[in-house]
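Asks: give me the fold of what follows.
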Amino acid sequence: MTPGTLSRRSLLLGGLGAAATLTAGAGAARALTPEGSGPAGGSSAGSADHLLSGLHEGLVVTDLEVVTVTDTSITFSWATYPGPHPFYGTVAPTVATDAEVRLAPAGAPGPLPVVHHDDEPRGFHLVTVEGLTPGTEYAFECRSGGIAARPGLMSTHQMWSPERTGRVTTLTPPPGAPVGRIAVINDVHIGEERHGILAADMPTPIVQAEGLPPFPDLMLAGALAEIRARGVDRLFVNGDTTDEARPAEVARFVEIMNGYGAHGVDWHVTRGNHDRPHTPSSDPAAGYERHVVLPGTADHRDPWGEALVPRQRMWTTRVGGLRIMGIDSTHLDASGGMIEPHQHEAIEAELAADPHRPTLVLAHHPVTREAAFTNAAGPSFVMHQHDAGRLQSAFTRAPGVFLMAAGHTHRAKRTAPDTAHGVDFVEFGSCAGYPGGYTIISLYTGGYMVNFHRTGTPEALDWSARSRWAACGLNPEYTLGTTAHRNYVVHRDLAALG
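Replies: Down below sits the predicted model:
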């Protein structure tokens, strides 16, 4: 990309890392209800609404988020700061405190019981309460230092937001038997060092604390460890694996992933715009010149394609009866998306050969008009309209296609299809940047459940405390999305997977 051209990083708002996960069973709730506690959503000393809640002295307990809602668990996060505490601006250090969650079925008599309490001091808190009942509304309150956490973003402070209402309902899983789970990661960005730049090195980027390993390495390694612990069937990385596909970045990404398993067996990958071929003149110090010239170009080199998947090549794999299709949606020299004719033909032929096969599609770029006109960079940033239309037309002729997952925007958002009305189009939050995690898709014979999980290693906690302030703290307003766009259930006949 030529100097002065807006890259994906300059158009997006960067990201927050993640936080340490703590798990407590609801059935093991302690009989502890400190004096002065009230129902979720009630007032508490030192807490008020949104912007005003940070304009006082003393401990500020804020940035409350309902991160993950499954059928049997809810994950909360929040942060603690010394006040006064503006919600936007430069990096603000947290202050370490205890963490407490009170939770009970909505309408239960008496004060909310404490289901989790941890005295180990932390500044960024992530707590998972497990053992809950599917399809049940729960009242909750999260506390530190005896103060109830309040939402700190406009996006979590809507009248209907669970962070404001203090109510959240666990998901009801789809009907039928469970038949498998897959994990999806996107926007890993190995090699990135400066986070949250909008344009011309402004605002001041967020960088890793001195002496700590690179944040993309920590976030990817942490996500992989958690995914392995969850025992998913297969892992898919949906683009932007590197910062600029420098040979050293590609090698480092492959090294980390090979610690998880074998490429093409345990994990699969699509190309993102940051993984595109580059010319040696674009970055003379990168080492692109040591790689062969990509056929059909004057001087582009493709270390990513040499190590992983050749440019503009579609691939498929099976997980049981599920067909997963990976698409290279990248331009040669631009951030937006496209599909060359030969890849369209391969996609159409594969779908036509088995049109009713349950199929999940992965491509880095979103393809709907709603995605085009609601992302921060506009229509040129997503899939070109002609290619998006042709792809959706292929989906309409293959009724087995039920979900298409994208990354690229770093946000968690579902968008409406244009023509492929039987397909769920969704953008997943990024791994390296806020909201900092990975997505698990749980498959049933009667549908599927989607859940975003924030990576919860101690190293991710350290990065979270810093990267919350990407783009002057505005980044979360764009990328977090709603709880319902990160966690949802779709009923669909997937009996062929059983």
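Asks: any low-confidence regions in the protein?
Replies: 1-56, 198-200 (pLDDT under 70).
Asks: can you tell me the strand partners of the longest strand seen in it and which way each runs?
Replies: Using DSSP state E, we find that the single longest strand of the chain is strand 59-69. When sheet partners are counted by DSSP bridges, strand 59-69 sits next to strand 74-82 (antiparallel).
Asks: now the element after the strand it pairs with, going C-ward?
Replies: Proceeding N to C from strand 74-82, the next assigned helix or strand is strand 97-105, under DSSP states H and E.
Asks: in terms of secondary structure, what does that next one contact?
Replies: strand 74-82, strand 114-122, strand 124-130, strand 137-144 (3 or more Cβ pairs under 8 Å, 6 or more residues apart in numbering; DSSP states H and E). Using the backbone N, CA and C atoms, a C-beta is placed for each residue, glycine as well.
Asks: rewinding a little: quick check: angle from the longest strand of the chain to strand 124-130?
Replies: Using axes from the mean of the first three to the mean of the last three Cα atoms, to 10 degrees, the direction of strand 59-69 lies 40 degrees away from that of strand 124-130.
Asks: from the chain's centroid, how far away is strand 59-69?
Replies: 17 Å (Cα atoms, centre = their mean, to the nearest Å).
Asks: could I get the full set of helices for the protein?
Replies: Ranges of helices within the chain are 8-11, 162-165, 215-230, 247-258, 303-307, 341-353, 369-374, 385-396, 458-467, 475-479, 483-486, based on DSSP state H.
Asks: quick one: Leu220 from Asn186, how far?
Replies: 11 Å (Cβ to Cβ, to the nearest Å).
Asks: now for the two: what residues contact both?
Replies: Cys431 (Cβ atoms under 8 Å, 6 or more residues apart in numbering).
Asks: just the CA trace of stretch 110-123, in CSV.
Replies: What follows is stretch 110-123, C-alpha atoms only, in CSV (Å, rounded to 0.1, in the frame of the first residue of the first chain):
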residue,chain,number,x,y,z
GLY,A,110,-34.9,-11.3,48.8
PRO,A,111,-31.6,-9.6,48.0
LEU,A,112,-29.5,-11.1,45.2
PRO,A,113,-27.2,-13.8,46.6
VAL,A,114,-23.4,-13.6,45.9
VAL,A,115,-22.5,-16.4,43.5
HIS,A,116,-18.9,-15.3,43.0
HIS,A,117,-16.4,-13.4,45.2
ASP,A,118,-12.7,-13.1,44.7
ASP,A,119,-10.4,-11.1,46.9
GLU,A,120,-7.4,-11.2,44.5
PRO,A,121,-7.0,-7.6,43.4
ARG,A,122,-7.3,-6.9,39.7
GLY,A,123,-8.1,-3.8,37.7
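Asks: need the residue closest to the centroid of the protein.
Replies: Compute the mean C-alpha point of the chain, and by Cα atoms, centre = their mean the closest residue is Gly429, 2.2 Å away.
Asks: list the contacts of the nearest residue to Arg252 once chain neighbours are set aside.
Replies: Ranked by Cβ to Cβ, 6 or more residues apart in numbering and with sequence neighbours excluded, the top spatial neighbour of Arg252 is Ile190, at 5.3 Å. Residues in contact with Ile190 (Cβ under 8 Å, 6+ apart) are Pro214, Pro216, Asp217, Leu220, Thr241, Thr242, Asp243, Glu249, Arg252, Phe253, Ile256.
Asks: switch to 10 Å and redo it
Replies: Ile190 sits next to 214, 216-217, 219-220, 240-243, 245-246, 248-257, 274, 432 when contact means Cβ atoms under 10 Å, 6 or more residues apart in numbering.
Asks: what's the answer for Met449, then?
Replies: 70-71, 171-174, 178, 181, 440-443, 487-490.
Asks: surely Thr80 and Arg122 touch.
Replies: Yes. If you go by Cβ atoms under 10 Å, Thr80 and Arg122 touch, sitting 8.1 Å apart.
Asks: what touches both of those two?
Replies: Counting by Cβ under 10 Å, 6+ apart, the residues touching both Thr80 and Arg122 are Thr94, Val95, Ala96, Thr97, Asp98, Ala99, Ser144.
Asks: which of the residues you listed ranks first by neighbour count?
Replies: Most neighbours among the shared contacts of Thr80 and Arg122, by other Cβ atoms under 10 Å: Ala99, with 27 neighbours.
Asks: that residue contacts Asp119, correct?
Replies: Yes. Under the criterion of Cβ under 10 Å, Ala99 makes contact with Asp119 at 8.6 Å.
Asks: tell me the one of the contacts of Met449 nearest His421?
Replies: Val490 (13.2 Å; Cβ to Cβ).
Asks: what's the burial count for Leu132?
Replies: Residues within reach of Leu132, counting by other Cβ under 10 Å, total 21.
Asks: measure it to Leu171 for me?
Replies: Distance of Leu132 to Leu171, given as Cβ to Cβ: 10 Å.
Asks: same question for Leu322.
Replies: For Leu322, the distance to Leu171 equals 21 Å [Cβ to Cβ].
Asks: before we move on, what about His291?
Replies: 46 Å.
Asks: now Ala245
Replies: With distances taken as Cβ to Cβ, Ala245 is found 38 Å from Leu171.
Asks: these two: who's more crowded?
Replies: Using other Cβ under 10 Å, the more surrounded residue of Ala245 and Leu171 is Ala245, with 29 against 21.
Asks: circling back to that earlier point, and Thr80 and Arg122? Which one has more around it.
Replies: It is Thr80, of Thr80 and Arg122, that has more neighbours when counted by other Cβ under 10 Å, with 25 against 22.
Asks: okay, now the nearest residue to Thr62 once chain neighbours are set aside: neighbour count?
Replies: Closest residue to Thr62 in three dimensions, ignoring its sequence neighbours and counting by Cβ to Cβ, 6+ apart: Gly152, at 3.9 Å. Counted by other Cβ under 10 Å, the residues lying close to Gly152 total 28.
Asks: repeat for His117
Replies: The burial count assigned to His117 is 17, neighbours taken as other Cβ under 10 Å.
Asks: mind checking how far it is from Gly272?
Replies: 42 Å.
Asks: please apply the same query to Ala470.
Replies: Computed as Cβ to Cβ, the Ala470 to Gly272 distance reads 19 Å.
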